[in-house]
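Novice: Kindly return the folded structure for what I paste below:
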Amino acid sequence: MEFTSRVALVTGAGSGIGRASALKLGASGAVVGILGHTLDELQKTAGDIEAAGGRAIVLKADIGDEASMRKAVDHLVQVAGRLDIVIANAGINGVWAPIDDLKPHEWDQTVRVNLRGTYLTLHASVPHLKRQGGSVVVVSSINGNRTFNTPGATAYVATKAAQVAIVQQLALELGKFGVRVNAVCPGAIETNINDNTTIREASETAVPVEFPAGDIPITGGKAGRSEDVASVVLFLASDQSRHVTGTPIYVDGGQGLLR
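Specialist: Numbering: from 1, shown residues only. The predicted structure follows:
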C-alpha cells in the first residue's frame, strides 16, 4: 500500500487509461479524485475502487473550463485534506482531416481539451502540490513525439508534442518544490478514444510506409492494454521513481521504432 495517506487526482478517469490508473492508485492505498464529464462512468470507476477497499471522490467537471476545474480541485483538497499526485490524462483524438479541410472550430476543440485541459489541470493543482511536493504524470502519445504518420492528425499531434514540452519545462520550474513532472507516451492501446474521432479524406494525408507483419513487435501486432500504461503511471507517481523527472516514457511495445 505504497500510496497510503496520499491523495491523487486523475482526469478522464471514467474510461481507458484514466480509469485503469485510478483503479491501480486506489488499490495501492491512495484516495483518488476521479474527474471527468460523464457522471455514470465516474460512478462506475468509484464503485470499483470502493469495492476493492479504496476511497474515491467523484469530480464532475469540464476539463476546458477554468472555474469548473478550480472548483473540482479545491473540493478534492477540501475533502481529502491534501493533493500529492496528478495524472493529467483527459484527451480526445478530435477531427483528423487535411489541413486545408480542418475547420478552425475543430482545431480549437482538440486544443481546448488536450492542451488547455492539461494547462488548467496543472494550473489548479500545482499550488497544492507545492506545499509538500508530489508527482505529475501527463498522458501524451507517441504521435507528435516519436511518430508522425497518423493521416490528418495535425491538431492532435500538435497538442501531444506540446504536452511533452510542458512536462520538460515544468520539471525544471517545479523541481525546487519537490514536484516531479513526467509523461507517458502510449502507442496503440485498447481504449474508447476512437469514439470521439472523426476522420475525413484520410487518403489525402496517408503516409506511404510499409510495415513488417505485426507493427507492434512485442505483442505481434496486438494493441496494448490500458493497464500497461497505468502500470507505468503508477511507477512515475510513486517514490520508486524519485530520481525521474522531465522524462517522456514510451509505452508502445516498440511500435514507434518501426515508423
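Novice: So for residue 251, what's the pLDDT?
Specialist: You'll see residue 251 listed with a pLDDT of 89.
Novice: Looks like it contacts residue 235 (just checking).
Specialist: No: using C-beta atoms under 8 Å, residue 251 makes no contact with residue 235, being 10.7 Å away. Heads up, the C-betas are built off the backbone N, CA and C, glycines and all.
Novice: ok, these two, which is more surrounded?
Specialist: Under the criterion of other C-beta atoms under 10 Å, the comparison of residue 251 against residue 235 puts residue 251 first, with 21 against 15.
Novice: Run through the bridge partners of that one.
Specialist: residue 186 (DSSP bridges).
Novice: got a list of what it touches?
Specialist: 184, 185, 186, 187, 189, 224, 228, 229, 232 (C-beta atoms under 8 Å, 6 or more residues apart in numbering).
Novice: What are the phi and psi values at the fourth one?
Specialist: Same thing as residue 187. phi -90, psi -140 (degrees, to the nearest 10).
Novice: any idea how far it lies from residue 134?
Specialist: 27 Å (C-beta to C-beta, to the nearest Å).
Novice: Output stretch 29-44 as PDB - backbone C-alpha positions only.
Specialist: Presented in PDB, the C-alpha positions along stretch 29-44 are these (Å, rounded to 0.1, in the frame of the first residue of the first chain):
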ATOM      1  CA  GLY A  29      -3.900   3.000  -0.900                       C
ATOM      2  CA  ALA A  30      -4.400   6.400  -2.400                       C
ATOM      3  CA  VAL A  31      -7.500   8.500  -2.000                       C
ATOM      4  CA  VAL A  32      -8.400   9.100  -5.700                       C
ATOM      5  CA  GLY A  33     -10.200  12.100  -7.100                       C
ATOM      6  CA  ILE A  34     -11.700  10.800 -10.300                       C
ATOM      7  CA  LEU A  35     -12.500  13.700 -12.700                       C
ATOM      8  CA  GLY A  36     -14.500  13.700 -15.900                       C
ATOM      9  CA  HIS A  37     -17.600  14.900 -17.600                       C
ATOM     10  CA  THR A  38     -19.600  11.600 -17.800                       C
ATOM     11  CA  LEU A  39     -21.100  11.000 -14.400                       C
ATOM     12  CA  ASP A  40     -22.200   7.400 -14.800                       C
ATOM     13  CA  GLU A  41     -18.700   6.400 -15.900                       C
ATOM     14  CA  LEU A  42     -17.200   8.100 -13.000                       C
ATOM     15  CA  GLN A  43     -19.600   6.500 -10.600                       C
ATOM     16  CA  LYS A  44     -18.700   3.100 -12.100                       C
END
